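Engineer: Have a look at this prediction, sequence included:
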Amino acid sequence: MRLRHGFLSLGVLLMLACVLGVAGSAWATTAYVANSGSGTVTPIEVATNTPGPEIKVGSRPEEIAITPDGKRAYVTNGSSDTVTPIELATNMPGPEIKVGKDPDGIAITPDGKTAYVANFRSGTVTPIELATNTPGPEIKVGGAPPGIAITPDGKKAYVTNVDSSSVTPIEVATNTPGPEINVGNGSTTIAITPDGKTVYVVNTLDHTDAVTPIEVATNEPGSQIKVGTHPTGIAITPDGKTAYVANYESETVTPIEVATNMPGSEIPLAQNPLQIAITPDGKTAYITNEGSGTVTPIELATDTPGPEIKVGSYPEGIAITPGTGATGATGATGPTGSNGETGATGRGGATGGTGPRGVTGATGAQGATGATGSNGANGASGATGSTGPTGATGPTGPSGPEGAAGKKGATGASGAAGASGAQGATGATGPAGKEGAKGATGASGSAGATGASGPAGNAAIATFASSQSTPSGYCLNYAELAGQGSGPCPAKTSGYSPSNLLAGPAPASGETVTNLYADTNATLTSTESALVSVIDNTTGATLISCTVTSTSNHSCSNTKESGSAAPGDNIEVRVTASGSNCNNKQWRVRFRY
């Protein structure tokens, strides 16, 4: 430091004041958004709502969780079957961690030692030791788990099971699952109140459109709370007073008063809100909008949405870094120095010593973990087709020729002539001749033509669908077996296969595929197209197909062609996209077989 007249200069004092102020300030709070269509994570600086450069992670990232110390984020990659760690100080991704099939929801224990990952297609949960990023043995839970949350005391994890319409509690100390808790249809995302007393479960499928509370002390579910259409995400404010639910189809957010479980007025949002996270100070909620590739901030004091923030393609999960301690109090000002003598200017009075530095404020409460996302709901099965009318009877063949007439019988002998004079009596009539032989039967006429075939009768209808982004060349889930989803098309199979992407086996008489119809949320340009193919997985043959173009109104159909599969064969549905606007979209495909 430069000295002037034995005292610190005024500029140095001001510099010290600035340094002390900076040392006590809080770190910048940041929201991290998983973009499933881009394979990236976008950081957003909460103070300015400014997005930063995207961070490359695995294929189809879905959900994200941040450690309590705010140093790392962990991202689930649905198509890679991995989790990517990110060092938040540099936003650099680390080596991917192998977990179960189609990982979705993720939560981290309050002590920051373990992450728990819900594997949707495996029906399991994978614990990861965060000190070494080492996965442990998988824990068996219910069918198709998408969401997970951990109690504030770190003793229990609660896992939602879509196919089982249930929640599985897990004892964290032993990684032991308990009995499933039955809740409403399609239990997807989940959140727990800060006091650890209540679990809130989002019920998505079959138009349940509700949230089910569960009392943690007894694991007993309460009465369902009605919210908007197709709810998908939930988060609870740090003070535990309000839960906020994102409604995908009604494009709203529903606030719920936790003390009474009463829903409030819905807040209108952008296209297809999916997941939600709340800042550690409880002032702002951030909602991912899958349809518009944006994030919407909501000022919670007034429930007012702000301008949308542009992020990557198909944003899903979101998490916010935890809060930090408040700035320490300013030190007391030192006493003013005495004035110099009048006359010749005396030296200035000595500046009072700097007051002691204020005590650093206590560390702020940890921010609530963002709610995990869910799979889209299964499409409803179409009605069975009615039996077609019986074909018309063919015309009767012509009659055979008439048999030849029998021979005429011989004429009887004439009676003798009477004597002359009186006329003699007439002679008796001779006996009748024998009947002639019966003529041969004429040949049968030719068979009449077969009547025209009636329309298709009561054939079965197959549904393949994915409410998630489907990359080009992927196959869609057989929805009646595994719900909606997609994945890499399986290799050729012969006989039994456990794959969720296959319908089969074909019955003993084989099956014929007809009446293909497909629709999508893709909006194509004139140079783009998407081919939907129904394929015999056993032989590799395409049975029937149709193509979506820019003029076909998001759909295509094929009622003229058909294809047959042999007994025991399996069937798959593959989507091949040409152009970025039809890649990574959602699909529904149906056909008769």
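Structural biologist: Structure received. A quick note: this is a predicted structure, and the numbers were derived from the prediction, not measured.
Engineer: Helices along the protein, start to end?
Structural biologist: Counting by DSSP state H, the segments of the chain that form helices are 10-23, 479-482.
Engineer: Lowest mean pLDDT across the ones you listed, which one is that?
Structural biologist: Mean pLDDT values for these show the minimum at helix 10-23, a mean of 31.
Engineer: pLDDT of stretch 213-220, averaged?
Structural biologist: Averaging pLDDT along stretch 213-220 gives 96.
Engineer: Could I get the buried residue list for that stretch?
Structural biologist: Pro213, Ile214, Val216, Asn219 (16 or more other Cβ atoms under 10 Å). Where you see a C-beta, it was placed from the backbone N, CA and C, and this is true even at glycine.
Engineer: With stretch 49-61 instead?
Structural biologist: Under the neighbour-count criterion of 16+ other Cβ under 10 Å, stretch 49-61 has Asn49, Pro51, Glu54, Ile55, Val57, Gly58, Arg60, Pro61 buried.
Engineer: Could you report the neighbour count for Met262?
Structural biologist: 10 (other Cβ atoms under 10 Å).
Engineer: just use 53 as the starting number from now, easier for me
Structural biologist: Fine by me, first position is 53 from now on; the one you just mentioned is Met314.
Engineer: and it, bridged to which residues?
Structural biologist: Glu309 (DSSP bridges).
Engineer: is it true that it touches Thr306?
Structural biologist: No. Here Met314 lies out of contact with Thr306, judged by Cβ atoms under 8 Å, at a distance of 10.7 Å.
Engineer: roughly how far apart are the residue nearest to His282 when sequence neighbours are not counted and Leu321?
Structural biologist: Setting aside the residues directly before and after it, His282 is nearest to Glu301 in space (Cβ to Cβ, 6 or more residues apart in numbering), at 3.9 Å. Going from Glu301 to Leu321 by Cβ to Cβ, to the nearest Å gives 12 Å.
Engineer: neighbour count winner among these two?
Structural biologist: Legend: neighbour count by other Cβ under 10 Å for Glu301 and Leu321, higher for Leu321 (21 against 15).
Engineer: pLDDT at that one, what is it?
Structural biologist: pLDDT recorded at Leu321 is 89.
Engineer: can the buried residues of stretch 265-272 go into TSV with extra columns for distance to Val310?
Structural biologist: Formatted as TSV, the buried residues of stretch 265-272 follow (distance: Cβ to Cβ, whole Å):
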residue	distance to Val310
Pro265	9
Ile266	13
Val268	13
Asn271	18
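Engineer: Tyr530: which of those is nearest?
Structural biologist: Proximity of those to Tyr530 (Cβ to Cβ) peaks at Ile266, which lies at 31.5 Å.
Engineer: What pLDDT is listed against the closest residue to that closest one other than its chain neighbours?
Structural biologist: Spatial nearest neighbour of Ile266, chain neighbours left out: Val251 (4.2 Å); criterion: Cβ to Cβ, 6+ apart. We have a pLDDT of 97 for Val251.
Engineer: Spit out the contact partners of Val251.
Structural biologist: Contact analysis of Val251 by Cβ atoms under 8 Å, 6 or more residues apart in numbering lists Ala201, Tyr210, Val219, Ile242, Ala243, Ile244, Pro265, Ile266, Val268.
Engineer: for Lys637, same thing?
Structural biologist: Residues near Lys637 by Cβ under 8 Å, 6+ apart: Ser521, Thr522, Thr572, Asn573, Ala574, Ala582, Ala629.
Engineer: So, low pLDDT: which residues of this structure?
Structural biologist: Scanning the chain for pLDDT under 70 picks out 53-79, 258, 322, 376-511.
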